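S.K.: Next input, structure requested:
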Amino acid sequence: MKTQRDMLERIDAVLRNPNLKETSKVFLISIKEWYENKGTLSERQNESFLKIEYRCSDEYIQKKRLWVEGYDEDKRGIAKICATYY
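M.R.: Okay, the predicted model is just below:
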């Protein structure tokens with residue numbers, strides 16, 4: 001069973017992550033304060049936290065890096081055609 005301390009430690013870990021965007025940092029500070037006062041997060045707050053936590057994970061960063069590396073001129077050309085057409 002996860003304790004209140006576990007959740008606060010997870011939030012703090014994400015807050016220390018150098019890949020965290022400023023807008024996400026502001027949101028996390030807000031939900032941390034909420035959690036400290038209420039002892040729980042709403043379903044939507046929790047979903048948002050999990051998404052931010054994942055986007056700061058090594059797994060996500062690696063997937064993103066591989067996607068960027070694979071985005072070559074052919075894919076760029078196709079994207080431009082699609083953007084012009086639609």
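
S.K.: how near is K63 to G70?
M.R.: 11 Å (CB to CB, to the nearest Å). The C-beta positions use only the backbone N, C-alpha and C, and glycine is treated the same way.

S.K.: who's more crowded, those two?
M.R.: K63 (11 against 8; other CB atoms under 10 Å).

S.K.: Helix or strand: which one has that one?
M.R.: Using DSSP states H and E, K63 sits within helix 58-70.

S.K.: Packing partners of that helix?
M.R.: If you count contacts as 3 or more CB pairs under 8 Å, 6 or more residues apart in numbering; DSSP states H and E, helix 58-70 packs onto no helix or strand.

S.K.: Can you tell me what sits against it?
M.R.: N19, Y54 (CB atoms under 8 Å, 6 or more residues apart in numbering).

S.K.: Output the next helix or strand after it as CSV - backbone C-alpha positions only.
M.R.: Reading on from helix 58-70 to the C-terminus, the next helix or strand found by DSSP H and E is helix 73-85. Output of helix 73-85 as CSV, limited to C-alpha atoms (Å, rounded to 0.1, in the frame of the first residue of the first chain):
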residue,chain,number,x,y,z
GLU,A,73,14.0,14.2,-44.8
ASP,A,74,11.5,11.7,-46.3
LYS,A,75,9.3,11.9,-43.3
ARG,A,76,9.6,15.7,-43.2
GLY,A,77,8.6,15.8,-46.9
ILE,A,78,5.6,13.7,-46.3
ALA,A,79,4.6,15.9,-43.3
LYS,A,80,4.8,19.0,-45.5
ILE,A,81,2.7,17.5,-48.2
CYS,A,82,0.0,16.5,-45.6
ALA,A,83,0.1,19.9,-44.0
THR,A,84,-0.3,21.6,-47.3
TYR,A,85,-3.1,19.2,-48.5
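
S.K.: Now find how far off-centre helix 73-85 is within its chain.
M.R.: Relative to its chain's centre, helix 73-85 lies at 27 Å (CA atoms, centre = their mean, to the nearest Å).

S.K.: Name the residues of it that are buried.
M.R.: By neighbour count with 16 or more other CB atoms under 10 Å, helix 73-85 contains no buried residues.
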